[in-house]
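> Using only what follows, build the 3D model:
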Amino acid sequence: MYIKKRINLRNINYYIVCECVYKNIDGFTRLCLKNYKDDYFDGGDLSLLIKKLEKNYNEDTIKKYDVDIPFLSDCLYIYDNIPILSGIEDLYLSKDNIVYSTCYISKEELNIFIKENNIKMKDQNNFKLDI
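Next up is the predicted model:
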């Protein structure tokens, strides 16, 4: 199952995609992240983190990624702060609010781009989804 949460940067709506599964833990069914060492998933905590990132976003925050493509800069900013994501999606709407194009970049593609371009990211080994 995929859960998508909207984040608005530069008046562009991106969607953070997280792959989740239901697991039985100690006799209780819980929603967990599929491919992350910490199984915990809480959409409320993710929403609070997203609000914080939207508030703190500015041109200076993305300069550190040294990328000339705004879409990639935004995706790196999101990924640097939300490493549990599976990908990031962007929807393009017509004047009639009909989706006419989508764009999706996976976590794997971001990791390749980061490595090939020697981009410095935060150490997220101890990331916890709690605010």
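> which residues in the chain form helices?
43-56, 59-63, 70-81, 107-116 (DSSP state H).
> count of residues packed around the residue nearest to Gln124 when sequence neighbours are not counted?
Leaving aside its sequence neighbours, Gln124 sits nearest to Pro83 (C-beta to C-beta, 6 or more residues apart in numbering; 4.1 Å). Any C-beta I mention is one placed from the backbone N, CA and C, and that applies to glycine too. The local packing of Pro83 (other C-beta atoms under 10 Å) involves 17 other residues.
> which stretch among the helices of the chain comes nearest Arg30?
helix 43-56 (12.8 Å; C-beta to C-beta).
> what angle separates the closest one from helix 70-81?
130 degrees (axes from the mean of the first three to the mean of the last three C-alpha atoms, to 10 degrees).
> related to what we said a few turns ago, the residue nearest to Gln124 contacts Asn126, doesn't it?
No: contact criterion C-beta atoms under 8 Å: Pro83 and Asn126 do not qualify, at 10.5 Å.
> most tightly surrounded among the helices of the chain?
helix 70-81 (a mean of 20; mean count of other C-beta atoms under 10 Å).
> And the contacts of that one?
7, 9-10, 12, 14, 16, 49, 53, 57, 61-62, 65, 67, 85, 88, 90, 103, 105, 107, 110, 113-114, 119, 121-122, 124 (C-beta atoms under 8 Å, 6 or more residues apart in numbering).
> and Cys20, how many neighbours?
20.
> show me what contacts it?
By C-beta under 8 Å, 6+ apart, the neighbours of Cys20 are Met1, Tyr2, Ile3, Leu31, Cys32, Leu33, Lys34, Phe41.
> Serialize the residues you listed to CSV and add fields for neighbour count.
Formatted as CSV, the contacts of Cys20 follow (neighbours: other C-beta atoms under 10 Å):
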residue, neighbour count
Met1, 9
Tyr2, 12
Ile3, 16
Leu31, 16
Cys32, 15
Leu33, 20
Lys34, 15
Phe41, 20
